[in-house]
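In: model this:
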Amino acid sequence: MSAPHVGAAPVRDHRRWHRGQGPLLQSHMLVHALRVVTPAQAADTLYLYNWNNYISDATIARFEARCRCRVVQDYYSDNEEMLAKLAAGASGYDLIVPTGNAVEALIRSKQLRPIDRARLPNLKNIKPEFLDTRFDPGNRYSVPYAYTVTLIGYNEQKLRALGLPTDSWALIFEPKYLKKIKGRVTVLDSQRELMAAAMRYLGHSINDTDEARWRRARDLILRAKPYWAAFNASSYIKELTIGNIWVAHGYSNDMFQARQDALRAGRPFSIGYSIPKEGAVLALDSMVLHRTGRHPDLAHRFIDFMLEGANSAELTNLIGSGNPNRDALRYIRREIADNPAVFPDAEHLKRLEMMRDLDRRSRRVLNRIWTEIKLR
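Out: Next up is the predicted model:
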């Protein structure tokens, strides 16, 4: 078993902030400074397979200094890419940070090493509602890391002037609203995410695999499609920020970034975002131990380190991700902690669902429906 190859990071996933500026640039300078005093030939190296820029360099530097080790990161741009790479034989990763449905797939394929909870005293910091999930009952294999909510981002001034609702998926699916913003709307180029929004609008679970209901969701999407500017999973932050689009179906941390970018650029408008009243997707990313990792002791130390409130809060302050760590709240900037789209209240949480992994048959059916949506 060889150590994983570490190369340049790919284009970032659409849920992840990738700008090398502000706090990220500062933390890069800090990590360089701290690595000067870290042993050049560290006895231990932790191999972390993670989303691009899904941890602050300053956080990594503090862990390296504390444990006198090195952390080497490799990156993936979506869960499917990560799963495919592992299936192709990639090995040697100590820790991976997949989303819930990918955790489920990894458990099913017996690729994970069980978590030793006795070695994680800080696990007590995780809020109960993020433990004992359907994808990993009892948290035998996973420890919550961060989450995002799929929602609607919008130009507050434009939508207020048009009198359009911002709290419902009707905004992106109903022609009576879309005709007022034709060509100014983008939706995620993701079959699971777009179908999830349509299913919730129709009153169904995002994990419902009834083919007749999927076809009704397909028809809803096809009715709305002529009014959309694009299926966009990569540049909608920029398009919202400069005013090219007025409504985007996307992720909470991306909308946070768009709002910050518009403020910094002095735009004559502001970006708002809200969780539709019909419900939405909550994507919980978790830390898991791959069975081929050679440093399970170091991996447990890293997990417990990330469960400390101050370390966990650093990611939220950097990219606006949701945080399942209750001890982190005291370190999170107030404007983020008070944002209900980043930290949903109990009422909103009831309407959020985590995606489940699909079986092979359902995957084939959904792929066929998605092809029809894209080609028609």
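In: now the helices for the stretch 101-250 of the chain?
Out: If DSSP state H, counting those that start in this stretch is used as the criterion, the helices of the stretch 101-250 of the chain fall at 156-162, 170-173, 175-178, 191-201, 211-224, 236-242.
In: can I get the ones you listed in JSON lines including mean pLDDT and mean neighbour count?
Out: Any C-beta I mention is one placed from the backbone N, CA and C, and that applies to glycine too. Formatted as JSON lines, the helices of the stretch 101-250 of the chain follow (pLDDT from 0 to 100; neighbours: other Cβ atoms under 10 Å):
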{"stretch": "helix 156-162", "mean pLDDT": "98", "mean neighbour count": "15"}
{"stretch": "helix 170-173", "mean pLDDT": "98", "mean neighbour count": "22"}
{"stretch": "helix 175-178", "mean pLDDT": "98", "mean neighbour count": "16"}
{"stretch": "helix 191-201", "mean pLDDT": "96", "mean neighbour count": "22"}
{"stretch": "helix 211-224", "mean pLDDT": "98", "mean neighbour count": "16"}
{"stretch": "helix 236-242", "mean pLDDT": "96", "mean neighbour count": "22"}
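In: for residue 355, find the nearest of those.
Out: When these are compared by Cβ to Cβ, helix 191-201 sits nearest residue 355, at 6.1 Å.
In: so which elements touch that closest one?
Out: strand 142-155, helix 170-173, helix 211-224, strand 247-251, strand 280-290, helix 360-375 (3 or more Cβ pairs under 8 Å, 6 or more residues apart in numbering; DSSP states H and E).
In: quick one, the fourth one and strand 142-155 angle?
Out: Yep, that's strand 247-251 we're talking about. With axes from the mean of the first three to the mean of the last three Cα atoms, to 10 degrees applied, the angle from strand 247-251 to strand 142-155 works out at 170 degrees.
In: just give me how far the helix or strand that strand 247-251 is followed by sits from the chain centre.
Out: Using DSSP states H and E, the helix or strand that follows strand 247-251 towards the C-terminus is helix 252-264. Offset of helix 252-264 from its chain centre (Cα atoms, centre = their mean, to the nearest Å): 15 Å.
In: average pLDDT for helix 252-264?
Out: In this model, helix 252-264 has an average pLDDT of 95.
In: go ahead and confirm residue 145 touches residue 98.
Out: No: contact criterion Cβ atoms under 8 Å: residue 145 and residue 98 do not qualify, at 9.6 Å.
In: so residue 311 lies in a strand, does it not?
Out: No: counting by DSSP: H, G, I helix; E, B strand; the rest coil, residue 311 falls outside a strand, being helix.
In: ok so, going back, now distance to residue 331 too, for the helices and strands packed on helix 191-201, in JSON lines please.
Out: Below are those laid out as JSON lines (distance: least, Cβ to Cβ, whole Å):
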{"stretch": "strand 142-155", "distance to residue 331": "14"}
{"stretch": "helix 170-173", "distance to residue 331": "34"}
{"stretch": "helix 211-224", "distance to residue 331": "40"}
{"stretch": "strand 247-251", "distance to residue 331": "22"}
{"stretch": "strand 280-290", "distance to residue 331": "19"}
{"stretch": "helix 360-375", "distance to residue 331": "40"}
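In: now for residue 145 and residue 98: what residues contact both?
Out: Counting by Cβ atoms under 8 Å, 6 or more residues apart in numbering, the common neighbours of residue 145 and residue 98 are 285, 286.
In: touching, residue 202 and residue 219? I think so.
Out: No: counting by Cβ under 8 Å, residue 202 stays clear of residue 219, with 10.0 Å between them.
In: now do the shared contacts for those two.
Out: Joint contacts of residue 202 and residue 219 (Cβ under 8 Å, 6+ apart) do not exist.
In: tell me which residues are up against stretch 197-206.
Out: 150, 168-170, 172-173, 187, 192, 195-196, 208, 210, 213-214, 216-218, 220-221, 249, 276, 278-281, 353, 355.
In: apply 6 Å and report the result again.
Out: 169, 173, 196, 213, 217, 220, 221, 278, 279, 281, 353 (Cβ atoms under 6 Å, 6 or more residues apart in numbering).
In: any idea how far the fifth one is from residue 96?
Out: Think residue 217. Distance, residue 217 to residue 96, by Cβ to Cβ, to the nearest Å: 31 Å.
In: where in the protein is pLDDT low?
Out: 1-43 (pLDDT under 70).
In: from residue 315, how far out is residue 344?
Out: Residue 344 is 18 Å from residue 315, by Cβ to Cβ.
In: which one's more surrounded, those two?
Out: residue 315 (24 against 21; other Cβ atoms under 10 Å).
In: I figured residue 286 hits residue 140, correct?
Out: No: between residue 286 and residue 140 there is no contact under Cβ atoms under 6 Å: 11.6 Å.
In: tell me which of those two has more neighbours.
Out: residue 286 (26 against 11).
In: residues contacting the more buried one?
Out: Counted by Cβ under 6 Å, 6+ apart, residue 286 has contacts 103, 142, 143, 144, 145.
In: still on that earlier bit, looking at the helices and strands packed on helix 191-201, which is closest to residue 270?
Out: Here strand 142-155 is closest among these (Cβ to Cβ), at 7.9 Å.
In: tell me how far stretch 295-315 lies from the chain's centre.
Out: The answer for stretch 295-315 is 18 Å, by Cα atoms, centre = their mean.
In: what does stretch 355-365 give?
Out: 20 Å.
In: how about that stretch: buried residues?
Out: 355, 356, 357, 358, 362 (16 or more other Cβ atoms under 10 Å).
In: out of those, which is nearest to residue 237?
Out: The closest of the buried residues of stretch 355-365, once distances to residue 237 are taken by Cβ to Cβ, is residue 355, at 22.2 Å.
In: roughly how far does the residue nearest to residue 369 when sequence neighbours are not counted sit from residue 364?
Out: Spatial nearest neighbour of residue 369, chain neighbours left out: residue 218 (5.1 Å); criterion: Cβ to Cβ, 6 or more residues apart in numbering. According to Cβ to Cβ, residue 218 and residue 364 sit 15 Å apart.
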